[in-house]
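the sequence and its predicted three-dimensional model are supplied below.
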Amino acid sequence: MKRNLCLILLFICMLTVGAGVRNVEASSSAPDLSDVGGVSEWYIFSGLGEETTYAQALNTALQEENLTKNAVTRQKIALAGLAVLDPQTCPLFASYLEDVMANTVGKLGLMSWVFGLHLVNNGQVSPNYTEEQILATILSLQTEQGGWGIVGTTSDVDATAMVLCALAPYGQQEEVDCSIQKALVFLSEAQQEDGSFKSYGVSNAESCAQVGMALVCLEISAEDSRFIKNGQSVWDALETFYTENGYRHTLDGDVNPMATAQGLCARETLRTGRSPFQVVPRYVELPQATKTISYKVPVSIGLTVAALCVFILLYIRKKRALRHWLPIVVVWILALVGVWTLQIQSPDTYEQSLLQKENPIGTVVLTIEDRSESFEIEAGDTVLDVLRMAAVKWKLPVVITNSGYVSEIDGLAEFDRGPTSGWKYKVNDTFPSVGAGDYGVAPGDRIEWVYTS
């Protein structure tokens, strides 16, 4: 009877401490790491970004092992990180660089070769491919149209411009120069009558920015007649997307974070005449990396104190046999394991805020494989927000990285069906060229998530 009383007392102590954990978790605000792997890298590439802010966010993400698994995004993070973190003094970043160079080059199609080459151009070494092999692979992927494409054999303006930025340092090589000239013909012919460039059939700021940066990397003048249509250069076209609050993705759209980041990067590239992908180190000194402890240490101390109190009580009552002490030890160990391995959260409020809209403006239809349903939206909701609503309502497992990249839905993850397989979304039967977290939805939109291989 007395042993049972002791166990009950210990259980009550654990519940009390557990409630404290819940309160600590609810009251603390986790650092916002969503920008790492999002748009911040473009500000770092341009030199306009706040180095300390990005370095601290990246350092925290490295400590918490909380970075995307997407190969190309990891390469962009590594490239931006080279500008703000010194691998010689930041072992976590040095380890991350080593992993990126060993496990991302060529793992996700064309762009993983392109950013792999950017990293090599900045002094990094791949254990799997030489500089010449990476370069030869990129050249071999050039299409008959003269450009490069993300998938298939159709040239794409954005992909071609990005490849040209990577090829620029090798332009003195005859074979590379020949490929560059073919690509420039493709881009010149793809330029619209207003000087802009299209992606997915729509003129947009990002495509203009990408082409503009490629021209600067190749040291092609803004006045080059090949890239002026009706008196409008690509730079003139880019500025038509600009507002006092930033760049719009399309002329009739709202200000877009990615369009703004790339637009400003392109503008700065034109001003300096420097390739944004040739990193200029401006290292930030950070404290030695340590794991974030948050509530775990004080809770562990509380559990230990509670267990000691029960031990003392048992000792006073002369309950000193192993059968009296062993259950307490087991419960104490299990409690500590739970504290250090589980994240205690209360999702109720978050789920309710997702599904219950205070100011709905209409509905959209979301389809994932054989599931389809309407969801209410508010102004400012994105495709990613709608996916989160569906995940809550359908009890659907979804893995979303800090950068907003959807890497897994309902157990089906990227790369499960090949090295270029993964999830993409369509809105009204069109694949947008921006991330799901940047695409604002409107009443009546039809959203579909599809798995492509």
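Good, I have the coordinates.

tally of neighbours for M101?
By other C-beta atoms under 10 Å, 20 other residues sit near M101. To be clear about C-beta, it is placed using only N, CA and C from the backbone, and glycine gets the same treatment.

so G411 sits against P397, correct?
Yes. Look at G411 against P397 with C-beta atoms under 8 Å: they come within range, at 6.3 Å.

just the pLDDT at the residue of the chain most remote from its centre, thanks.
Among residues of the chain, the one most distant from the C-alpha centroid is K318; the distance is 59.3 Å, by C-alpha atoms, centre = their mean. With respect to pLDDT, K318 scores 82.

mind checking how far it is from V331?
Separation of K318 from V331 (C-beta to C-beta, to the nearest Å): 21 Å.

residue boundaries of the strands in the stretch 1-150 of the chain?
Ranges of strands within the stretch 1-150 of the chain: none, based on DSSP state E, counting those that start in this stretch.

quick one: the helices in it?
Ranges of helices within the stretch 1-150 of the chain are 2-27, 40-46, 51-63, 71-84, 91-103, 110-121, 131-140, based on DSSP state H, counting those that start in this stretch.

centre of the chain to the second one, how far?
Read that as helix 40-46. 13 Å (C-alpha atoms, centre = their mean, to the nearest Å).

put the alpha carbons of it into CSV.
What follows is helix 40-46, C-alpha atoms only, in CSV (Å, rounded to 0.1, in the frame of the first residue of the first chain):
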residue,chain,number,x,y,z
SER,A,40,17.8,34.8,-48.1
GLU,A,41,20.5,33.1,-50.2
TRP,A,42,19.8,35.5,-53.1
TYR,A,43,20.4,38.5,-50.8
ILE,A,44,23.7,36.9,-49.7
PHE,A,45,24.7,36.3,-53.3
SER,A,46,24.0,39.9,-54.1
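
and that helix, what other elements does it pack with?
Applying 3 or more C-beta pairs under 8 Å, 6 or more residues apart in numbering; DSSP states H and E, we find helix 40-46 packed against helix 51-63, helix 71-84, helix 257-272.

tell me which of these sits most buried.
When these are scored by mean count of other C-beta atoms under 10 Å, the highest mean neighbour count falls to helix 71-84 (a mean of 24).

CA atoms only: put it into CSV for me.
Output of helix 71-84 as CSV, limited to C-alpha atoms (Å, rounded to 0.1, in the frame of the first residue of the first chain):
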residue,chain,number,x,y,z
ALA,A,71,20.1,18.5,-53.1
VAL,A,72,20.0,21.8,-55.0
THR,A,73,18.7,23.8,-52.1
ARG,A,74,21.5,22.4,-49.9
GLN,A,75,24.0,23.5,-52.5
LYS,A,76,22.6,27.0,-52.5
ILE,A,77,22.8,27.1,-48.7
ALA,A,78,26.4,25.9,-48.9
LEU,A,79,27.3,28.6,-51.4
ALA,A,80,25.7,31.3,-49.4
GLY,A,81,27.3,29.9,-46.2
LEU,A,82,30.7,30.3,-47.8
ALA,A,83,30.2,34.0,-47.7
VAL,A,84,29.3,34.3,-44.0
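
the inter-axis angle of it versus helix 91-103?
Note on geometry: by axes from the mean of the first three to the mean of the last three C-alpha atoms, to 10 degrees, helix 71-84 and helix 91-103 are set 140 degrees apart in direction.

by how many degrees do helix 71-84 and helix 51-63 diverge?
Using the same axes, to 10 degrees: helix 71-84 against helix 51-63 is 130 degrees.

please consider this matter closed, and thank you.
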